[in-house]
Every structure is written in structure tokens, then in C-alpha cells.
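> Sequence unavailable; structure follows:
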């Protein structure tokens, strides 16, 4: 071995490249497919270093958009949680369990990947998610994150 | 030991009662059909199956959110049982039903058929009003998808289902705004004919005109000091927006008469009599010498 140090650097460089971690980032890439009777079907895009994580990012993105932004052309055009910052301040633990720790899964009636592709080690997915809005709304009310209908 | 347990129970009860959050006030809601000018609300309900279906679907949506609605049909019958209606009375039936029902919010619905060569659909117009102030709370227009069918009842159902959640969400947003920023009332202050002062008169030694003193008092007493003057002359000043809180300092429902009473008592000290009339959310005050 003539250049052991250079070889080691090269290996480390390659290894670090292959281990790029793509963090979750909320985007507006959530679109309405259909809605009826307190059920909404959305298409959400996600990306990560592998398929499972990309699906998780897409699903979490769909729920965060529903909760804090609202989705145009659906039965939930306005956000379910009126003030994100206050909600996170008052109910951060519950919201973390719901969004980060995938507590939202219990409100998903169906979820499948309609399209996926891999480019430069990044997996991109289009995830179709069917969500039980009534169940989600009741959960938010029971946990005191949102108020019941009324003054 | 028993005494200790009793004291502990009382302490626990007190703590749990004080820890309780203010409960959400459930407003009473009634869903009614829209009646065009010259038509009665009763006919708009009885003669239009589409309107009846639309009303039922909206009521259903409120039920699913845990809100009980006042039944328009029942109130209508109640009113018709109590008196035989003349043609003129039929025309003002809507106001009568709303007044008698005690509804805080009423939602007006209109369902229309759309026939085209490419298919039929139904368009529904939904408008929610605050019965107290007449303020519009939410407006939605919803159309069903086009189908080659004559089943307009099903199309009405589709049209309502598509937009009713958004209607309720918008109403809730307005409720949240009311809790935060208060309710709107209007106040009109006028001078009684023959009175020896007007709004441009200095009534005390502060050097301010009466209109300026009124404005100052309103600014001081409006919720978050929010008000708007629509117009002003020597004899009249109109406040088209004055925000009042939903609750008073004791946590009870704020009564509009409280605002009028406070106004009357304040100006009484300046030797001015303030007679007031309250209609819904509108206060009319007439000033004269004591």
C-alpha cells in the first residue's frame, strides 16, 4: 500500500456521501384528489434516502398541511388548528406524538405509493392518502388542541 | 379522620373546579330556505324538495359536529298554529320564525337545478348570519358534479356534502374572531328636537365638543377600543361598528343594554339625559337636557 492515508480519506468520503441524511421538510406539495362526507383523499410528495422514509415524509407533510395550512379544493380548506405556534406551545408533546411519531396512522384509511423514482440516491414518492377527517377532528378536540364547534 | 377526609375532598373539588376551562358556548342554530322577494319562506320550504334535502344535509353536518339545531319546520308549525297568517304576515314569516326560535345563528339555503347538454347538476348557495347583528358569517357556493340524471335530490346531496364542512369551518373561524375581538353593535346618537344644545356644543369645562366627548367615551368603552364612525353632523353621530365583549368581567354573557346603561350614566353626570332604544344589536340614543 503506497498511499494508505489517501485511500482512507477516499473511503471515508465515499461512505459519508452514501449516508446523506435527508431531513423532513414541510412543503406545499399536497394536492386534493377527492373529498366526500368528512373523508379526504390527498396526493402528497415526499423525498428521502429510502422509500419507507420518503413515504413517512409524504404522509407527515399531508397531515401538517391539513392541520396548519388547509388544502384548497377540499372539505378542509382552512387549517384544522387555527394557530400553529400556540398549539405547539400548549400541546407540543401531543402534536409530536401525532406527527413525528406517526400517531396520524390511525386516521389513515388507505395509503399507497402511486409513483416513485430514485435519482442520485434520493427516493421521490407521490403518496395517495385517504384520511378520516371526522376522527382527526374529534381527536384534536378531545386532546384540547382545538375547540368544539361554538363560541 | 373523617374531618380530614372531608377537608381533603373540599380542597380537591375546589382545585378541580378552578382548573376547569371555560366551556364552549353552544350557539343555537336554525337552517332555513332562502325565499326570493315576494315569496314566503314557508312556500320555499314546502314546495321545494331540493331545499328540504339541502336543509336536512346541513342539519346533519351540524349534528355531526355535536351542535343541535332548531327545527325550522317545527317552529313554522308552531307559528302557524298560534295564528292564521295573512298574505303580508307570510312575507315577514322569516323574521318572525327567527325571532321566535331564539336562534343565535341562522343559515339560509338556496338550491337550484342546472340543466345542460353535457349533464345536469345542482348549485347550492349557503349563507350563515348572526341573528343578533345580521352580520354575514360565512358564504359558500357549491355545485355538484354533472351527471346525466334526473335525480336532482342526489345531486343536491352531493353539492351540500362538498362544501358544508368548509361552511362550518368558516363559521368557527368567525366565532374564534368574536371571542378574540368581540361582537359588533351599532350606536346612533341623536339630539331631541327643541333641545338647547347640539353635538358641537361644549357641555362641560373640558373645552371639548359633545361629539368629541361621546367619541372619547366610546373609544374608552369599546372592546379593545375598536370602533368606527360612519358619519357625523351637528345633530347626529353614527357608529356603524363598536366592538363589545362576549363576556363581562364576571364571565357572564355581556348584555348590549349594559353598554347603553353605562353611556346613559356617564352623560347624566354632565347634565344630559340619554334615552335609549335597543333593537337586536342596534342602540339608538336620543340626548336632551336633564
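Received the coordinates, thanks. Just so it is clear, the structure is predicted and the values come from calculations on it, not from any experiment. Residues are numbered from 1 along each chain as shown, chains lettered A, B, ... in the order given.
> alpha carbons only for contacts and neighbour counts from here, please
Will do.
> What helix or strand is the residue nearest the centre of chain A located in?
Among the residues of chain A, the one closest to the centroid is residue A:60, at 1.6 Å (CA atoms, centre = their mean). With secondary structure defined by DSSP states H and E, residue A:60 is part of helix A:51-68.
> Now find how far off-centre that helix is within its chain.
1 Å (CA atoms, centre = their mean, to the nearest Å).
> What score does residue 23 have for pLDDT?
You didn't pick a chain, so chain A it is. At residue A:23, the model reports a pLDDT of 94.
> meant chain B, my bad for not saying
Model confidence at residue B:23 (pLDDT) stands at 61.
> go on, residue B:178?
88.
> That one: neighbouring residues, count only.
17 (other CA atoms under 10 Å in any protein chain shown).
> you'd agree it is up against residue B:246?
Yes - assessed by CA atoms under 8 Å, residue B:178 is found in contact with residue B:246 at 7.4 Å.
> Okay, buried residues for stretch B:116-134 please.
Buried residues in stretch B:116-134, counted by 16 or more other CA atoms under 10 Å in any protein chain shown: B:120-133.
> make that stretch A:142-151, sorry
Neighbour-count burial for stretch A:142-151 [16+ other CA under 10 Å]: A:145, A:146, A:147, A:148, A:149, A:150, A:151.
> Give me the contacts around it.
Residues from elsewhere that reach stretch A:142-151, judged by CA atoms under 8 Å, 6 or more residues apart in numbering or on different chains: A:80-82, A:87, A:90-91, A:94, A:140-141, B:24-27, B:65-67, B:172, B:175-176, B:178-179.
> low-confidence ranges in chain A?
For chain A, the stretches flagged by pLDDT under 70 are A:1-5, A:10-19.
> So which of the buried residues of stretch A:142-151 sit within strands?
Among the buried residues of stretch A:142-151, no member falls in strands (DSSP state E).
> got those residues as JSON lines, with distance to residue B:199 columns?
Compiled in JSON lines, the buried residues of stretch A:142-151 are given as follows (distance: CA to CA, whole Å):
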{"residue": "A:145", "distance to residue B:199": "50"}
{"residue": "A:146", "distance to residue B:199": "47"}
{"residue": "A:147", "distance to residue B:199": "45"}
{"residue": "A:148", "distance to residue B:199": "46"}
{"residue": "A:149", "distance to residue B:199": "44"}
{"residue": "A:150", "distance to residue B:199": "41"}
{"residue": "A:151", "distance to residue B:199": "38"}
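> Of those residues, which is the nearest to residue B:148?
Comparing these against residue B:148 with CA to CA places residue A:149 closest, at 37.4 Å.
> Surely residue B:234 touches residue B:192?
No - using CA under 8 Å as the test, residue B:234 is too far from residue B:192 to be in contact (11.9 Å).
> So which bits of chain A are right by chain B?
By CA under 8 Å from any CA of the partner chain, the residues of chain A that approach chain B are A:35-38, A:74-78, A:82, A:147-151.
> just to revisit the earlier point, list only buried entries from the contacts of stretch A:142-151.
Counted by 16+ other CA under 10 Å, the contacts of stretch A:142-151 give A:80-82, A:87, A:94, A:140, B:27, B:65, B:67, B:172, B:175-176, B:178 as buried.
> Max pairwise distance over these: which two?
Taking CA to CA, no two of those sit farther apart than A:94 and B:27, at 28.9 Å.
> Which parts of chain B are strands?
Under DSSP E, chain B gives strands at B:29-33, B:69-70, B:105-116, B:119-130, B:136-143, B:183-191, B:227-232, B:236-244, B:272-279, B:282-289.
> So for the third one, what gets flagged as buried?
Pointing back at strand B:105-116 there. For strand B:105-116, using 16+ other CA under 10 Å, the buried residues are B:105, B:106, B:107, B:108, B:109, B:110, B:111, B:112, B:113.
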